[in-house]
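In: Predicted model and sequence follow; I will ask about them next.
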Amino acid sequence: MTASLLEVDQQRVHFTLPGDGLIWPGKKTLKAVDGISFTLKPGETLGVVGESGCGKSTLARGILGLVPVTSGSIKLNGVELTELSRRDMREQRRTMQVVFQDPLASLNPRMTVGEIIAEPLKVYNPEMSSKDLKQQVVSMMDRVGLLPNLINRYPHEFSGGQCQRIGIARALILKPKLLICDEPVSALDVSIQAQIINLLMELQQEFGLAMVFIAHDLSVVKHISHRVMVMYLGKVVEMATREELYKNPKHPYTRALIDSIPLPDPELERNKKINTLDGDLPSPLAPPSGCAFRTRCPKAHDRCKEAAPDLEVFENNHSVACWDPN
Amino acid sequence: MSILEVNDLSVKFSVRDGEVAAVNKVSFELEKGEILGVVGESGSGKSQLVLSMLGLLASNGETSGSVKFDGQELIGMKPSALNQIRGDRVSMIFQDPMTCLNGYLSIAKQMTEVLTLHKGMDYKTALARSTEMLDAVKIPDAKNRIMRYPHEFSGGMRQRVMIAMSLLCKPDLLIADEPTTALDVTVQAQIIELLNDLKDDFGMSIIMITHDLGVIAGISDNVLVMYASRAVEYAPVHGLFESPNHPYTKALLRSIPRLDNTAHEDLYAIPGNPPNLLHLPEGCAFAERCDHQKEKCLEDRPLLRSVSEGRQKACHLDELP
């Protein structure tokens, strides 16, 4: 077994907000990420799914050091990231890069494509000659499927899919070991989405990248991930290999997520037993007592109200946090 | 009997660099109680198609062609006359539930306005009707919640409010422009189920715009596929998914990542990007990305033609290999 590249142990990201009181408001704590642990090997993809507001983006931002982590440990290649100074952290960021959700908004509109892709290189290798820079940028553009003659264009001249390619080129130019993709395809059309997913999978092979792939679309995650983690209100409710999770979902929330995806087949879609969840995600400021999912769970009983189930490991490394798993 | 007849509907926008043809001669008919799905990529003109029918285009837009709703011509109708129809007999649900409600007004105010305006009801009756409708779309504790403001509702709830609002006058035609795109899958499933139930209860026709073929498969009777401002295929839903006639439809169906697919191999991706609407090619707009491209496709634009009972396509090929 190869050593892990990334080890996240009991990561917590809590935000403090002003409370409700009028004169003495006090404080409220929003537990965006509440005790999440996982490991990631080189070349592996971990899919993270959940509804909006479940903390999946905050988890990623915590790993990257873009939001302060309240407690827990994050180790990259054995180096503890939560204790590093800003300067040392900056050095570590070379090995971990991120691709954001909104392709256009994550590119500076006043920089050309060439400048955008070259920027990370310039930051980390200030002594590099402009000729070398350009050569590396051009070969990276070529690699992600952008014509090198577009190097002097501005982001607004590109379509969403092409902007996402620029974002990927920028992330990969430093040859990172870890790539965090925060919903990289949810803003794209189906036909373009397939191009980007294929590109990411190819690049993963080529660079031996480990990926954390965040999405709310379980069918996309199924395609790209080796393991999948399902989050609900800041906690992991289920984690398993891709095959295991989709074949044999143990948590009622995972079951419901899988059932709600409309199938592109009129026969199947109209005849499937619908098991829709009622209601919405509860407010993370006032999570339900006991198991956070119990307010929407079809199987909830008294025990769920009293205590939250811990993540328990079953066979095939399949872990579930439920009192009454399938 | 058809409730809506659309003939050669075109929409053009004048912009600095010339004219953008957003919709090009689209025609279709909609029966009473039918759900028509309209699919296409962003920029294919599916939203502009329905906006133009209701006279809701931006000021630089220009509509031509004919849209007959229940025998009445909508194109060129005076805004005052259109206002009699919009919100009453035809209503619309927009994509973004976050921005479509007025944040300054309570839900009660926004909903009762529809009834006092179109039906001349007094506030009390209108409020009772609105509360009933919120109940119908399964908003818990509707009586109290109706007094709240939009920001106190979640995304899924706001979309329910939008749906309730659009159904207040029992419209004959409901136009839903990507009603679930901004929502989570679990909430999307709730909304689709709701629309299906409501259609049966109210007997209305629905035009459902979406880019999600799964949603189309679950809800529509017929499907109109649009590509680069034109209709490229029209077919009943079962036929379309079983044997797509147009290469674009076929490619689109192949490129969806599917849950029931076990392989971990590459997804099929349509190469290239959709064409620029400012400079549409002379021939078939899809030719550049098409696997079955012939010389004829580049020179001569295929027109939408009938291929079999109830099915039309715009492609030179007689059969897809």
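Out: Good, I have the coordinates.

In: in the chain, which residue is closest to the centre?
Out: You didn't say which chain, so I picked chain A. Of all residues in chain A, the one closest to the mean position by Cα atoms, centre = their mean is A:Ile214, 2.8 Å from it.

In: sorry, should have said chain B
Out: For chain B, the residue nearest the mean C-alpha position is B:Ile209 (2.5 Å; Cα atoms, centre = their mean).

In: Can you tell me the strand partners of the helix or strand that that one is a member of and which way each runs?
Out: B:Ile209 belongs to strand B:205-210 when elements are defined using DSSP states H and E. Using DSSP bridges, the neighbouring strands of strand B:205-210 in the sheet come out as strand B:35-39 (parallel), strand B:173-177 (parallel).

In: Please report how far B:Ile35 lies from B:Ala189.
Out: Applying Cβ to Cβ, to the nearest Å, the value for B:Ile35 to B:Ala189 is 17 Å. No exception for glycine: its C-beta is placed from N, CA and C like everyone else's.

In: What count of nearby residues applies to residue 90?
Out: Unless you meant another one, I'm taking chain A. Other residues within reach of A:Arg90, judged by other Cβ atoms under 10 Å in any protein chain shown, total 13.

In: was after chain B, sorry
Out: Close neighbours of B:Val90, defined as other Cβ under 10 Å, add up to 26.

In: same question, B:Pro140
Out: By other Cβ under 10 Å, 11 other residues sit near B:Pro140.

In: mind listing the helices in the stretch 151-300 of chain A by residue range?
Out: With DSSP state H, counting those that start in this stretch as the definition, the stretch 151-300 of chain A shows helices at residue ranges A:160-172, A:190-207, A:218-224, A:242-247, A:252-260, A:266-271.

In: got the residues of the stretch 1-150 of chain A near chain B?
Out: On the criterion Cβ under 8 Å from any Cβ of the partner chain, chain B has as its neighbours in the stretch 1-150 of chain A the residues A:51-52.

In: For chain B, what's its nearest residue on the stretch 1-150 of chain A.
Out: Here the stretch 1-150 of chain A gets closest to chain B at one residue, A:Glu51, 4.3 Å apart by Cβ to the nearest Cβ.

In: Surely that residue forms part of a helix?
Out: No - counting by DSSP: H, G, I helix; E, B strand; the rest coil, one finds A:Glu51 to be coil, located in no helix.

In: So which residues on the stretch 201-326 of chain A come close to chain B?
Out: The stretch 201-326 of chain A has residues A:201, A:216-220, A:222-223, A:242-243, A:246, A:256-270, A:274, A:276-281 near chain B, with proximity defined as Cβ under 8 Å from any Cβ.

In: Pull out the buried members of those residues.
Out: Of the members of those, the ones counted as buried by neighbours, 16 or more other Cβ atoms under 10 Å in any protein chain shown, are A:201, A:216-220, A:222-223, A:242, A:246, A:256-266, A:269, A:276-277, A:280-281.

In: what about the residue in the stretch 51-200 of chain B that chain A sits nearest to, how many neighbours?
Out: Nearest residue of the stretch 51-200 of chain B to chain A, counting by Cβ to the nearest Cβ: B:Ala189, 3.8 Å away. Using other Cβ under 10 Å, B:Ala189 is surrounded by 24 other residues.

In: List the contacts of the host helix or strand of it.
Out: B:Ala189 is part of helix B:185-202, with elements assigned from DSSP H and E. Contacting residues not belonging to helix B:185-202 are listed as A:51, A:216-218, A:256-257, A:259-262, A:274, A:276-278, A:280, B:33, B:35, B:136-138, B:155-156, B:159-160, B:163, B:167, B:170, B:176, B:179-180, B:183, B:204, B:206, B:208, B:215, B:218-219 [Cβ atoms under 8 Å, 6 or more residues apart in numbering or on different chains].

In: residues in contact with residue 37?
Out: Since you didn't name a chain, this refers to chain A. A:8-11, A:72, A:236.

In: Not quite, go with chain B.
Out: When the contact criterion is Cβ under 8 Å, 6+ apart, the partners of B:Gly37 are B:208-210, B:215-216, B:219-220, B:222-224, B:237.

In: Tell me which of the strands paired with strand B:205-210 sits most buried.
Out: For the strands paired with strand B:205-210, average neighbour numbers computed from mean count of other Cβ atoms under 10 Å in any protein chain shown are highest in strand B:35-39, which has a mean of 25.

In: That one vs helix B:185-202, what angle?
Out: For strand B:35-39 against helix B:185-202, the angle by axes from the mean of the first three to the mean of the last three Cα atoms, to 10 degrees is 150 degrees.

In: Using PDB, write out the CA atom coordinates for strand B:35-39.
Out: What follows is strand B:35-39, C-alpha atoms only, in PDB (Å, rounded to 0.1, in the frame of the first residue of the first chain):
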ATOM      1  CA  ILE B  35     -46.200  18.800 -21.800                       C
ATOM      2  CA  LEU B  36     -43.700  19.900 -24.400                       C
ATOM      3  CA  GLY B  37     -40.000  19.700 -23.300                       C
ATOM      4  CA  VAL B  38     -37.600  22.100 -25.000                       C
ATOM      5  CA  VAL B  39     -33.900  21.000 -24.700                       C
END
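
In: pLDDT averaged over that strand - what is it?
Out: When pLDDT is averaged over strand B:35-39, the result is 95.

In: And A:Arg170, how far from B:Thr181?
Out: According to Cβ to Cβ, A:Arg170 stands 27 Å off from B:Thr181.

In: make that B:Thr116, sorry
Out: Computed as Cβ to Cβ, the B:Thr116 to B:Thr181 distance reads 31 Å.

In: Check A:Ile214 too.
Out: Applying Cβ to Cβ, the value for A:Ile214 to B:Thr181 is 18 Å.

In: do the same with B:Leu168
Out: B:Leu168 sits at a distance of 23 Å from B:Thr181 (criterion: Cβ to Cβ).

In: Those two: which has the busier surroundings?
Out: For the pair B:Leu168 and B:Thr181, the greater number of neighbours falls to B:Leu168 (23 against 15), based on other Cβ under 10 Å.

In: Does B:Leu117 lie in a helix or a strand, and which?
Out: B:Leu117 belongs to helix B:107-119 when elements are defined using DSSP H and E.

In: what's next to that helix, contact-wise?
Out: Where contact means Cβ under 8 Å, 6+ apart, the residues beyond helix B:107-119 that reach it are B:84, B:87-88, B:101-102, B:121-123, B:125-127, B:129-130, B:133-134, B:145-150, B:153, B:161, B:164-165, B:168-169.

In: what comes into contact with the helix or strand just after it?
Out: Read in the C-terminal direction, the helix or strand following helix B:107-119 is helix B:123-136, with elements assigned using DSSP H and E. The contact list for helix B:123-136 (Cβ under 8 Å, 6+ apart) reads B:107-108, B:111-112, B:115-116, B:119, B:121, B:142-143, B:145-146, B:160-161, B:164-165, B:167-168, B:198, B:201.
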